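Engineer: starting from these lines, generate the structure:
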Amino acid sequence: WDEDDAAADAADVRDYDMRAVIRNEKLKGKKLKGKKAKRDALKAKAQDEFKLDVTDSRFAAVLDGDARFGLDKTSKNYHETEGMRAVMDEQRKRRERREKDTA
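Structural biologist: Below is the predicted model:
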């Protein structure tokens, strides 16, 4: 098992793996030791290519503050990831914009 195999394996990943995303968030900025850690980092990096488009109209209900789609940061299923930070920031911006328009 070498880095070329790991890179090819990471490129073949087609399914979204939340565990890999969370693991990658934890490993950011850390020096990795060992082959397994480096291999896992390559797999997680493939998952990190996903970027959330907050301008997409399909996310409007979540971003505009519809009560049915509220995000609960206190839930054990909530994980602070780059995508979730983008959603929370966009919700805050839209809420401020709405309040400013009504005032």
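Engineer: which residue is nearest the centroid of the chain?
Structural biologist: Gly83 (3.5 Å; C-alpha atoms, centre = their mean).
Engineer: the strands in the protein, which residues?
Structural biologist: With strands called from DSSP state E, the chain shows none.
Engineer: in it, where's the longest helix?
Structural biologist: Of all segments of type helix in the chain, defined using DSSP state H, the longest is helix 82-102.
Engineer: what is the least confident helix or strand in the chain?
Structural biologist: helix 3-11 (a mean of 53; mean pLDDT, DSSP states H and E).
Engineer: flag every buried residue along stretch 83-93.
Structural biologist: Met84, Val87, Glu90, Gln91 (16 or more other C-beta atoms under 10 Å). The way it works is simple: take the backbone N, C-alpha and C, and place the C-beta from them, glycine included.
Engineer: on that earlier part again, what mean pLDDT does the longest helix of the chain get?
Structural biologist: Averaging pLDDT along helix 82-102 yields 89.
Engineer: now Phe69: closest residue in space that isn't a chain neighbour?
Structural biologist: Closest residue to Phe69 apart from its sequence neighbours, by C-beta to C-beta, 6 or more residues apart in numbering: Val62 at 4.5 Å.
Engineer: list the residues that contact that neighbour.
Structural biologist: By C-beta atoms under 8 Å, 6 or more residues apart in numbering, the residues touching Val62 are Phe69, Leu71, Val87, Gln91.
Engineer: can you pull the contacts of the third one?
Structural biologist: The reference is to Val87. Leu52, Val54, Phe59, Val62, Leu63, Leu71.
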